[in-house]
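Engineer: below: sequence and its predicted model.
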Amino acid sequence: MRYKCKNCNKEIKINKEVLLFIDNKLVNKNAYCCNKQMDSMDKNEGMPTIIRNESNLSKYDKDKAFKKRKTE
């Protein structure tokens with residue numbers, strides 16, 4: 001990602017980002033200039049969300065619970 005400093009207009013490109021959670025925001029640890037966080041020049045789409053719905057990942061097997069309840 002590319003970053004630009006508001007104060008001195010310095011631009012840097014960071015290939016490997018190290019994210020920190022500061023003041024309820026995720027910020028890049030290496031994107032600091034003039035003791036302030038630099039602005040991202042790239043379109044930021046946020047953190048990805050992954051929805052995992054494979055049956056082997058579930059702690060609770062719905063089919064077994066339904067069959068058990070049905071037989072009672």
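Structural biologist: The structure has been received and is ready for your questions.

Engineer: okay, now the unreliable bits of the chain?
Structural biologist: For the chain, the stretches with pLDDT under 70 are 44-48, 52-72.

Engineer: what ranges do the helices span in it?
Structural biologist: Using DSSP state H, the helices of the chain run over 62-71.

Engineer: now the strands for it?
Structural biologist: Along the chain, the segments classed as strands by DSSP state E run 2-4, 11-13, 19-22, 25-28, 32-33, 36-37, 39-40.

Engineer: can I get the ones you listed in CSV including distance to I50?
Structural biologist: C-beta here means a position set from N, CA and C on the backbone, and glycine is covered the same way. As requested, those are exported to CSV (distance: least, C-beta to C-beta, whole Å):
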stretch, distance to I50
strand 2-4, 26
strand 11-13, 27
strand 19-22, 16
strand 25-28, 16
strand 32-33, 29
strand 36-37, 27
strand 39-40, 22
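
Engineer: just give me the neighbour total for the closest residue to E11 other than its chain neighbours.
Structural biologist: Nearest residue to E11 in three dimensions, chain neighbours excluded: K4, at 5.0 Å (C-beta to C-beta, 6 or more residues apart in numbering). Using other C-beta atoms under 10 Å, K4 has 15 neighbouring residues.
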